[in-house]
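Undergrad: predicted model and sequence follow; I will ask about them next.
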Amino acid sequence: MGQTIFFNNADKTTSLGFRTKLKTFINKQCLKEGVRIETLQYVFCSDAFVLDINKRYLNHNYYTDIISFDLSEQSGHLIGDVYISIDRVKENAKTEGSLYMHELLRVIFHGALHFCGYKDKKPADVKTMRAMEDKWLKAYLKTIS
């Protein structure tokens, strides 16, 4: 199996260790959810970059930590792009009192979970999404410790 998950930089860069382990982990977790990743691209960028995407494609005029686009043509076979604002992730880590790397991983998992069908608009959905993020984060951190 060739590369299916990519980490790219737009106008921001970030250090992300254990990339191969992380890709393997995300692939396995998505498969457990019934989603086979064909291509999943994560793009690290700035608040301004994400705000531009938010305005241009979603008609939203606000900052967000993540925007995901499902480009799949076949159900259960994921082709997707995830844009992550490094500025927002750093800010959220400070606000939440968590480590930057844990917050970055949480957001990376959040994007994958959206593609697995998890939502985050209603309070009950947010609770479920957060529980899944925490579950994945805990499981992933065990693989690298």
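TA: Received it, and whenever you're ready, just let me know what you need. Numbering: from 1, shown residues only.

Undergrad: what comes up buried for the longest helix seen in the chain?
TA: Ranked by residue count and defined by DSSP state H, the top helix of the chain is helix 123-144. Buried residues in helix 123-144, defined by neighbour count with 16 or more other CB atoms under 10 Å: Met129, Met132, Glu133, Trp136, Leu137, Tyr140. From N, CA and C alone the C-beta is placed, and that goes for glycine too.

Undergrad: what's the helix or strand containing Phe25 packed up against?
TA: For Phe25, the element it lies in under DSSP states H and E is helix 19-32. On a contact count with 3 or more CB pairs under 8 Å, 6 or more residues apart in numbering; DSSP states H and E, helix 19-32 meets strand 5-9, strand 36-45, helix 100-115, helix 123-144.

Undergrad: output these in JSON lines; the columns should cover mean pLDDT.
TA: JSON lines is the format used below for the helices and strands packed on helix 19-32 (pLDDT from 0 to 100):
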{"stretch": "strand 5-9", "mean pLDDT": "96"}
{"stretch": "strand 36-45", "mean pLDDT": "97"}
{"stretch": "helix 100-115", "mean pLDDT": "97"}
{"stretch": "helix 123-144", "mean pLDDT": "97"}
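
Undergrad: can I get the ones you listed in TSV with distance to Arg19?
TA: Converted to TSV, these look like this (distance: least, CB to CB, whole Å):
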stretch	distance to Arg19
strand 5-9	6
strand 36-45	10
helix 100-115	11
helix 123-144	11
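
Undergrad: mind checking those for the one nearest to Ile79?
TA: Proximity of the helices and strands packed on helix 19-32 to Ile79 was assessed by CB to CB; the nearest stretch is strand 36-45, lying at 4.9 Å.

Undergrad: can I get that closest one in CSV, CA atoms only?
TA: The C-alpha coordinates for strand 36-45 follow below in CSV (Å, rounded to 0.1, in the frame of the first residue of the first chain):
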residue,chain,number,x,y,z
ARG,A,36,-10.8,3.2,3.9
ILE,A,37,-8.4,6.2,3.2
GLU,A,38,-7.6,6.6,-0.4
THR,A,39,-6.0,10.0,0.0
LEU,A,40,-6.1,12.2,3.1
GLN,A,41,-4.1,15.5,3.0
TYR,A,42,-3.5,17.6,6.0
VAL,A,43,-2.4,21.2,5.3
PHE,A,44,-0.9,23.3,8.1
CYS,A,45,-1.5,27.0,7.7
